[in-house]
Every structure is written in structure tokens, then in C-alpha cells.
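Chemist: Model the structure of this input:
(one chain, ligands or ions: 1)
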Amino acid sequence: MENFEMDKFLDYIRPEDNELLRDMKAYAITNNIPIIRNEMKQFLETLVMIYKPKRILEIGTAIGYSSIVMVEALRKSYKTLEGIELISLERSDEMYSKAIENINLAKLSHIIKIRHDEAEIQLKKIVNSAEKFDIIFMDAAKGQYLTFLPYCMKLLPVNGLLISDNVLQSGEVAKSRFSVPRRQRTIHQRMREYLWELNHREDLQTSIIDIADGVTLSVKLS
Ligand SMILES: C[S@@+](CC[C@H](N)C(=O)[O-])C[C@H]1O[C@@H](n2cnc3c(N)ncnc32)[C@H](O)[C@@H]1O
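Modeler: Sure thing, here's the model as predicted:
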């Protein structure tokens with residue numbers, strides 16, 4: 001929903017980021033790096049506080065903003081970060097270096113581990129190591145969500161939560177493929193297939209939420 005007056009009001013009403021997160025957001029805006037929006041940040045913080053995961057997997061780190069947001073929310077909730085681990089996957093050299101810098105500034109390098117690699121390569125390795133994650137936050141290339149889903153299903157325990165960001169593509173996903181620019185049609189089609197899959201798998205319960213750029217919450221049922 002695009003409503004500038006409401007967005008302005010809600011941004012005014014929300015608590016401010018701490019200094020590091022403010023600097024990171026300013027850096028992201030200046031350098032055109034897509035990070036979670038303010039409403040998504042608040043939603044993610046609340047979700048992790050309710051769900052209280054010990055292990056989180058993030059697909060798509062960028063500069064480390066959402067990783068730090070989730071871990072700081074857990075610190076607030078648990079009062080300690082003992083036993084918490086967040087693994088985040090990032091393929092870009094530039095993003096990886098910046099994320100490491102920010103995670104060091106946040107003094108969270110013992111909690112947040114970034115794997116600098118193509119996500120699918122790392123997902124295969126993690127599946128082979130039989131690790132599990134209470135929450136997976138999918139926030140990478142939109143055209144690849146469907147490819148990553150089978151790995152996520154293996155990495156989530158029953159009752160594990162899959163959060164997928166940017167699924168409504170500013171409303172583009174609802175449009176007919178012919179009204180979408182040709183170069184975006186593959187991503188458009190793949191996101192529609194992803195949403196269909198999330199909504200029709202017997203082993204998932206999904207809710208589509210129209211905040212920020214659209215987010216889905218999916219709970220693994222079996
Ligand atoms: C939307 S940004 C992530 C934003 C971050 N989660 C935040 O809100 O702070 C997506 C990131 O995923 C990375 N990415 C996209 N596709 C990827 C892939 N297949 N493997 C690894 N990283 C990927 C991009 O380089 C980019 O930095």
C-alpha cells in the first residue's frame with residue numbers, strides 16, 4: 001500500500017534506530033542498496049521476540065543491517081546472546097566486506113557468521129551437515145526463492161518459520177505478465193510460482209502480509 005502521509009506518520013511514531021543502524025541505513029540509501037524498510041524492521045524485531053529462535057539463517061546479507069536488527073532484538077528479549085547464532089549468506093565481495101565491517105562495529109562477530117558464497121552452494125553444504133534453523137529469512141535475488149525453497153524445507157524443523165521478503169514486488173506480482181516489462185517477466189513468473197507453492201504445499205501454513213514490499217510467513221507443519 002503506497003500512502004505517503006501514513007508512511008510519514010508511522011516513521012515519526014516509530015522508535016529511532018541506534019547510531020550504527022542509522023549510519024548503515026544512510027549508507028544503504030546513498031549507495032542504493034536495498035535493505036529492509038522501517039515497517040519490515042519493526043515486524044522482524046517483533047517476530048523474533050515472539051518466536052525466540054536460537055538459530056537463524058539469512059539468505060542475502062547486503063551490509064548486515066537485518067542481521068544486526070534480528071540479533072539486537074533477541075538480545076533485548078533474552079537479555080543475553082548465549083547460544084544464539086545467525087548465519088547469513090552473501091555472494092557479493094563488496095557487500096560481504098561492508099557487512100563484516102558493520103558486524104565488527106556492532107561487536108557481534110561471535111554471533112553473526114557470514115558465508116561469502118553463492119547461496120545455493122552454501123545451502124547444499126548446510127543441508128549435508130544436517131543443521132537446523134528455527135527461522136530462515138529469505139531476502140536474496142527474488143528470481144531464486146523457488147530454487148532455495150527445497151533447501152529451506154530441509155533446514156527447518158517442524159514449527160520452523162520461513163520469512164520471505166519482497167514477495168509482492170510493489171504490487172507488480174499481481175499484474176498480468178504482459179503489463180510487466182519484458183526483462184522482468186522471468187522474475188515476475190518465478191515469484192508468482194513461489195507464492196503459489198508456499199500457499200499450496202501440504203507441509204506449510206503461509207500468510208501473505210502486505211507490508212513493506214510484501215512478506216510471507218510460512219510455518220513448517222510436517
Ligand atoms: C535485499 S539485499 C539483502 C538485504 C538485507 N537482508 C537487509 O535487509 O539488511 C539482497 C542481498 O542478497 C545478495 N544475493 C542475492 N542473490 C544471492 C545469491 N544467490 N547468493 C548469495 N547472495 C545473494 C545480494 O548480493 C544482496 O546483497
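Chemist: contact partners of the lowest-mean-pLDDT helix or strand in the chain?
Modeler: Here the helix or strand of the chain ranked lowest by mean pLDDT, DSSP states H and E is helix 4-13, holding a mean of 90. Helix 4-13 has contacts (C-beta atoms under 8 Å, 6 or more residues apart in numbering) with N38, E39. All C-beta spots, glycine's among them, are computed from the backbone N, C-alpha and C.
Chemist: and that helix, how far out from the chain's middle?
Modeler: 23 Å (C-alpha atoms, centre = their mean, to the nearest Å).
Chemist: Show me which residues of this structure sit near the ligand.
Modeler: Proximity of the chain to the ligand, by C-beta under 6 Å from any ligand atom, involves residues 34-36, 60, 62, 65-66, 89-92, 95, 118-119, 139-141, 144.
Chemist: partner residues bridging E90?
Modeler: H116 (DSSP bridges).
Chemist: burial measure for the closest residue to V158 other than its chain neighbours, as a count.
Modeler: Using C-beta to C-beta, 6 or more residues apart in numbering and skipping residues adjacent in sequence, the residue nearest V158 is K220, 5.8 Å away. K220 sits with 19 neighbouring residues when counted by other C-beta atoms under 10 Å.
Chemist: Which residues are in contact with K220?
Modeler: Applying C-beta under 8 Å, 6+ apart, the residues near K220 are M153, L156, P157, V158, N159, G160, L161, L162, D203, L204.
Chemist: and what of L86?
Modeler: Counted by C-beta under 8 Å, 6+ apart, L86 has contacts R55, I56, L57, E58, S67, M70, V71, I111, I112, K113.
Chemist: That one: what secondary structure?
Modeler: Under DSSP: H, G, I helix; E, B strand; the rest coil, L86 falls in the strand class.
Chemist: I believe E58 is in a helix; please confirm or correct that.
Modeler: No. Assessed with three-state DSSP, E58 is strand; it does not lie in a helix.
Chemist: okay, now it: neighbour count?
Modeler: 26.
Chemist: circling back: need the buried ones from the residues of the chain next to the ligand selected in ChimeraX.
Modeler: What follows is the ChimeraX syntax selecting those of these that are buried according to 16 or more other C-beta atoms under 10 Å:
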select :35,36,60,62,65,66,89,90,91,95,119,139,140,144
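Chemist: circling back to that earlier point, torsion angles phi and psi at the residue nearest to V158?
Modeler: phi -80, psi 130 (degrees, to the nearest 10).
Chemist: Excluding chain neighbours, what is closest to I68?
Modeler: Using C-beta to C-beta, 6+ apart, the nearest residue to I68 is A106, at 4.9 Å.
Chemist: ok, the contacts of K220 vs L168, which is closest?
Modeler: Proximity of those to L168 (C-beta to C-beta) peaks at L162, which lies at 16.2 Å.
Chemist: so who does that closest one touch?
Modeler: With C-beta under 8 Å, 6+ apart, L162 has these contacts: I135, I136, M138, C152, L156, L198, L204, T216, L217, S218, V219, K220.
Chemist: Good, wrapping up.
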